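>>> Pasting the sequence and the predicted model now:
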Amino acid sequence: MAEHSSSVGFYILIFAILLVLTATTVGAAFINLGPLNPILALGIATVKALLVVLFFMHVKGASEKMTKVVILAGLFWLLLLLGLTLADYGTRLWS
Amino acid sequence: MSHSSAATAPNPALRHHFAEMEQQKNAASLGMWLFLVTEIMFFGGMFCAYLIYRLQHFNDFAAASQSLSIKLGATNTAVLITSSLTVVLAVHAARHGKRKLLVLYLLATIVLGCTFLGVKAVEYTDKFKEHHVPGPSFNFAPEYMQGHPEQSPVDMRHAEMFFSLYFVMTGMHALHMIIGVGLFSGLTWLAWKGRYTKDYYTPIEMAGLYWHFVDVVWIYLFPLLYLISRHR
């Protein structure tokens, strides 16, 4: 698996999936899905980001566990930043 | 100087404060990821500001967003994803000690990076011509002012807020791209001179992490800035 996930063919497969997802997100933007539009757009963006991080940045199969801890800690802080701030602004009464 | 000592001689790229190449590489990787975490927080602050104003002034933001060229934005997304492929192939070539292929992929990355910046420059030029750049001459033309039929008319100040965030976010992203192109130019020169071997190509890998990170930032910028409520 480690050998497989670092072959040229595998990289091109990931690249193709990324392009298909880009086309999908552009296409979906023109269809009225109501509140699902931003959810779908951000969902696709997250899948694309995961593909890049896991396979292009080789986080999947990284030898150092420390790397994964650092990444998860970074995401946790980002979640705190976005989550707590939006929880504040989202629950205020705008007048 | 016996043959055995030559066989076990340390790699000239190994710094004296590291015991072995593996340890040196892991230290570099950890340091690079820590740097990228600070970058996540740097862009995170801007994304947070954007989300707050977007929730607050959704109608105005959607109207302002529709003045952006989705075609150019999507093209740039494809260009950046392709550059990420050339970067990962450059790392692959370095790992297998293929010097010329490595130089070729690095050059391809630089060309794609410059293409992205060129398209961005075209977009910025259009925004200047349309007076969509925040400042004294800012004006949001009536055809964009309709907003959504069922909602209130567009507030020009809130549209200006969208463009402020647009220029700051894409501008900081473009600055990272410029730094990336500079970084890769230096690496290309060193790779051409044969600095990197299949036993030592850590700088290629670390610069690759940086490039992919900048790609990931754009992956989020594109839907957030270009794709809000495109349907009419």
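Alright, I've got the coordinates.

>>> what's the weakest-modelled helix or strand in chain B?
helix B:3-7 (a mean of 50; mean pLDDT, DSSP states H and E).

>>> can you pull the buried residues of the helix or strand just after that helix?
Per DSSP states H and E, the first helix or strand lying C-terminal to helix B:3-7 is helix B:21-56. Under the neighbour-count criterion of 16 or more other C-beta atoms under 10 Å in any protein chain shown, helix B:21-56 has B:24-29, B:32-33, B:36-37, B:39-40, B:43-44, B:46-54 buried. Using the backbone N, CA and C atoms, a C-beta is placed for each residue, glycine as well.

>>> May I ask you to name the longest helix in chain A?
helix A:65-90 (DSSP state H).

>>> Return the distance of that one from the chain's centre.
14 Å (C-alpha atoms, centre = their mean, to the nearest Å).

>>> Output the contacting helices and strands for that helix.
Counting contacts by 3 or more C-beta pairs under 8 Å, 6 or more residues apart in numbering or on different chains; DSSP states H and E, helix A:65-90 is packed against helix B:21-56.

>>> name the helices or strands packed onto the helix it packs on?
helix A:65-90, helix B:156-192, helix B:202-226.

>>> now residue A:62, nearest residue through space, not along the chain?
residue A:68 (6.6 Å; C-beta to C-beta, 6 or more residues apart in numbering or on different chains).

>>> Tell me, please, where in the chain the pLDDT is lower than the cut-off.
Unless you meant another one, I'm taking chain A. A:1-5, A:63, A:94-95 (pLDDT under 70).

>>> right idea, wrong chain: chain B
Those would be B:1-8, B:142-152, B:231-232, if you go by pLDDT under 70 across chain B.

>>> what's the spacing between the spatially most central residue of chain A and chain B?
Nearest to the geometric centre of chain A sits residue A:46, at 2.2 Å (C-alpha atoms, centre = their mean). Counting by C-beta to the nearest C-beta, to the nearest Å, the gap from residue A:46 to chain B is 8 Å.

>>> which one of the helices and strands packed on helix B:21-56 has the most crowded surroundings?
helix B:202-226 (a mean of 23; mean count of other C-beta atoms under 10 Å in any protein chain shown).

>>> Does that helix pack against any helices or strands, and if so which?
helix A:8-29, helix A:36-51, helix B:21-56, helix B:70-95, helix B:99-129, helix B:156-192.
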